[in-house]
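> I need the structure of the sequence given here:
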Amino acid sequence: MKRRKMKPSALDELYDAVLCLKTKEECKAFFEDLCTVLELQTLSQRLQVAKLLRSNKVYNDIVAATGASTATISRVNRSPGEGYDIVFSRLGHETVSDNPGEEQE
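As a prediction, this is how the structure comes out:
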């Protein structure tokens, strides 16, 4: 099955929509309109996985803490991490390692 790529303009419009939100309440309302409960849970889970990987937690501990599959943890671990780093820095979470979440099972 071939995946369709989104047009850059559609992605830009989504990014602009997120950037125009001013409060947590506005953000919550927008994402509840935009996403299903499962999609929101998945996004939230990936953020938690990234946070735990940056705290040098091992995969088994991350599975136990988040319920994420090892495939999801591996996918998050393979991401460049620049976006996560920006968010965690601005939220006041320190990055523990330059090579987060070395696979340890």
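> pLDDT score for Asn99?
If you check Asn99, the pLDDT there is 47.
> and the longest helix for this structure?
Ranked by residue count under DSSP state H, the longest helix found in the chain is helix 37-54.
> give the buried residues for whatever helix or strand comes next after that one.
Sequence order places helix 59-66 as the next helix or strand after helix 37-54, per DSSP states H and E. Within helix 59-66, the residues scored as buried using 16 or more other CB atoms under 10 Å are Tyr59, Ile62, Val63, Thr66. C-beta: built from backbone N, CA, C; applies to glycine.
> CA atoms only: put helix 59-66 into PDB for me.
C-alpha atoms of helix 59-66 as PDB (Å, rounded to 0.1, in the frame of the first residue of the first chain):
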ATOM      1  CA  TYR A  59      13.200  -0.100  27.300                       C
ATOM      2  CA  ASN A  60      11.600  -2.500  29.900                       C
ATOM      3  CA  ASP A  61      11.100   0.400  32.400                       C
ATOM      4  CA  ILE A  62       9.600   2.600  29.600                       C
ATOM      5  CA  VAL A  63       7.200  -0.200  28.600                       C
ATOM      6  CA  ALA A  64       6.200  -0.500  32.300                       C
ATOM      7  CA  ALA A  65       5.700   3.200  32.800                       C
ATOM      8  CA  THR A  66       4.000   4.100  29.500                       C
END
